[in-house]
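Asks: Just need the structure, nothing else, for what follows:
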Amino acid sequence: MSAAPSTAPLLDVRNVEKTFPGVRALTGVSFDVRAGEVHALLGENGAGKSTLIKIVSGVYQPDAGEILIDGRATRFASPEDAKRAGVATIYQELLLFPELTVAENIFLGHAPRAGGGRIDWRVMRAKAEALLASLEINDLAADQIVGALSVGHRQRVEILRALSHDARILIMDEPTAALTEGDVTRLFDIVGRLKARGVGIVYISHRLDELFEIADRVTVLRDGAYVGSRQVADTNAAELVQMMVGRRIENLFPKFAVPIGGPVLEARGLVCHPMTKDVSLTVRAGEIVGLAGLVGSGRSELAQVLFGITPAEHGDIQLAGKAVQIDSPERARARGIAYVPEDRGVQGLVRPMSVLHNFSLAALGALSRLGFIDRAAERRMAEAGVQRFSVKTSSVDEVAGRLSGGNQQKIVLGKWLANNPKLLILDEPTRGIDVGAKAEIHRLMCELAGEGVAILMISSELPEVLGMSDRVLVMREGRLVAEFDREHATSEAVGAAMMGSDATMERASQ
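Replies: Numbers count the residues shown, from 1 in each chain. Here you go, the predicted structure:
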């Protein structure tokens with residue numbers, strides 16, 4: 001067989017199709033990746049991106065179509081086949097062993113061997129250090145334990161592991177979802193170095209601003225089908241959104257005024273070391289209060305105090321004017337508090353369970369009679385939730401973990417709303433979900449506020465905080481340091497409060 005021409009793409013996916021029981025996941029999808037290119041893959045949750053990259057990675061086999069590497073048709077029977085062909089995938093949930101060192105994780109399964117088949121630890125460490133040096137990663141050492149590293153450092157270990165297999169095609173699935181701003185900058189620097197080496201990168205992200213910063217081309221999928229490809233320099237966010245959802249989204253933040261009632265939550269002087277320091281706040285009926293702050297400012301820790309996961313050591317909490325003690329999630333739930341956590345996969349959803357059972361988890365008391373669950377009522381509640389939240393699933397009996405991230409988030413939200421809460425705490429409610437699902441969740445938040453639910457929303461996305469909040473509170477180093485009403489909550493003012501060093505409480509609403 002003659003050598004493939006030099007102009008052939010590194011990866012060429014042609015007319016790939018894939019069907020699961022009851023679901024047609026991909027229909028005639030094609031795209032290619034060239035050497036030294038970042039090709040973004042864009043689409044709503046459920047558009048088929050995950051299925052496509054699992055086919056390219058050898059996890060699934062296509063029902064039809066073909067995959068070409070360097071112009072040669074190939075078929076991957078397993079992820080190992082894909083690795084041998086130079087394809088490596090870095091998933092959003094990093095697959096590392098926390099007890100092992102950086103070097104051990106990089107070379108796991110293919111460590112250099114000495115005489116007698118024993119691992120050559122010295123050579124392995126030297127190779128790991130050479131890989132670190134090749135990407136100019138100076139703040140990471142080969143003998144560090146991975147479990148003690150930040151998310152950003154762990155991601156670099158995953159990239160190094162891919163390079164240790166001589167990967168020429170690197171698939172990155174939501175690589176910045178859990179990164180700090182500094183880590184994102186360092187990741188983009190590494191991506192630039194990989195491009196310069198001729199590595200082809202498939203980049204999946206819901207953050208459109210990132211795509212315009214890092215990608216060369218973008219391909220859009222919708223409902224498992226190919227919609228189109230664009231040079232990033234020749235398109236804009238509005239066109240890509242319309243390609244993704246099939247319509248224009250006129251208002252991503254559909255905020256409308258509703259009557260604000262009396263205080264639902266009043267917290268005074270809450271202390272829970274080390275990240276909740278003398279915090280006082282009020283959230284009223286029908287009000288959406290946005291809680292902004294940098295990663296590590298104490299926002300999520302405050303939410304866990306209010307929900308009783310880590311009860312306050314000092315301070316007072318009142319709900320609807322009555323002093324209460326919130327020392328466990330069970331007591332918080334009984335008092336009318338619902339909490340949608342930041343990590344839906346670990347804290348919010350039982351992925352191996354069905355959609356039906358996930359929907360009913362937080363409302364089993366209301367569904368039980370004499371210690372037995374009313375199965376018919378449970379099914380009716382789950383089916384009503386699927387309809388209300390527009391969850392895309394073949395049935396309520398489908399395993400929740402098989403659904404897209406946006407649909408999983410809707411289930412977590414619906415599970416808690418089944419209890420008709422008075423106070424809803426949302427921690428990163430739209431992280432890792434597409435623009436269409438974001439608009440749906442924002443619309444639902446407005447509906448709930450209109451019904452009198454008090455909402456405390458934590459978000460790292462400043463446009464979301466500014467677009468959805470009646471008031472904005474800013475946390476820094478475990479304290480509330482600023483408060484703004486909607487009129488005065490500008491990106492400049494809120495951003496300055498997030499970054500500032502003065503811990504004096506600013507009240508721009510006065």
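
Asks: same question for stretch 57-69, mean pLDDT?
Replies: Here stretch 57-69 scores 95 as its mean pLDDT.

Asks: I'd assumed Lys127 was in contact with Ser164.
Replies: Yes. Ser164 lies in contact with Lys127 (C-beta atoms under 8 Å); the separation is 7.3 Å. All C-beta spots, glycine's among them, are computed from the backbone N, C-alpha and C.

Asks: Give the residues shared as contacts by the two.
Replies: Residues touching both Ser164 and Lys127 (C-beta atoms under 8 Å, 6 or more residues apart in numbering): 106-107.

Asks: next one: the strand or helix carrying Arg14 to chain centre, how far?
Replies: Following DSSP states H and E, one finds Arg14 within strand 11-20. Centre-to-centre, strand 11-20 and its host chain are 25 Å apart (C-alpha atoms, centre = their mean, to the nearest Å).

Asks: List of residues touching that strand?
Replies: Among residues not part of strand 11-20, those counted as contacts by C-beta under 8 Å, 6+ apart are 24-33, 48, 51-52, 55-56, 60, 62-69, 71, 87, 169, 200, 202.

Asks: Going through the residues you listed, which ones are buried?
Replies: Under a neighbour-count criterion of 16 or more other C-beta atoms under 10 Å, the subset of those counted as buried comprises 25-27, 29, 31-33, 48, 51-52, 55-56, 60, 62, 65, 67-69, 87, 169, 200, 202.

Asks: Now go through the residues you listed and say which are in helices.
Replies: Secondary-structure check on those using DSSP state H: residues within helices are 51-52, 55-56.

Asks: could you redo the residues you listed as JSON lines and give each row distance to Glu136?
Replies: Formatted as JSON lines, these follow (distance: C-beta to C-beta, whole Å):
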{"residue": "Thr51", "distance to Glu136": "35"}
{"residue": "Leu52", "distance to Glu136": "32"}
{"residue": "Ile55", "distance to Glu136": "34"}
{"residue": "Val56", "distance to Glu136": "29"}
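
Asks: which two in those are spaced the farthest apart?
Replies: Comparing all pairs in those by C-beta to C-beta, the longest separation belongs to Thr51 and Val56, at 10.0 Å.

Asks: what's the overlap in contacts for these two?
Replies: Joint contacts of Thr51 and Val56 (C-beta under 8 Å, 6+ apart) do not exist.

Asks: Which strand or helix spans the closest residue to Ser150 other than its chain neighbours?
Replies: Across the structure, with C-beta to C-beta, 6 or more residues apart in numbering as the measure, the residue nearest Ser150 apart from its sequence neighbours is Asp183 (7.1 Å). Applying DSSP H and E as the criterion places Asp183 in helix 181-196.

Asks: Which strands and helices lie in contact with that helix?
Replies: Applying 3 or more C-beta pairs under 8 Å, 6 or more residues apart in numbering; DSSP states H and E, we find helix 181-196 packed against helix 151-164, strand 200-204, helix 208-214.

Asks: Report the mean per-residue pLDDT for the first one.
Replies: Throughout helix 151-164, pLDDT has a mean value of 89.

Asks: Low-confidence stretches in the stretch 201-350 of the chain?
Replies: When residues are selected by pLDDT under 70, those of the stretch 201-350 of the chain lie in 247-251, 343-348.

Asks: Apply 80 and report the result again.
Replies: 206, 245-252, 294-296, 342-349 (pLDDT under 80).

Asks: Let me see the contact set for Arg335.
Replies: The neighbourhood of Arg335, defined by C-beta under 8 Å, 6+ apart, consists of 319, 324, 326.

Asks: how's this protein carved up into domains?
Replies: Taking automatic domain parsing as the criterion, the chain consists of the domains 11-245, 263-507.

Asks: now these as CSV including distance to Ala257?
Replies: As requested, those are exported to CSV (distance: least, C-beta to C-beta, whole Å):
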stretch, distance to Ala257
domain 11-245, 26
domain 263-507, 9
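
Asks: Indicate which one of those is closest to Leu252.
Replies: Evaluated with C-beta to C-beta, the domains of the chain place domain 263-507 nearest to Leu252, the distance being 5.4 Å.

Asks: Would you mind checking the average pLDDT for stretch 122-129?
Replies: What stretch 122-129 shows for mean pLDDT is 94.

Asks: which of the residues in it are buried?
Replies: By neighbour count, and taking 16+ other C-beta under 10 Å as the criterion, the buried residues in stretch 122-129 are 124-125, 127-129.
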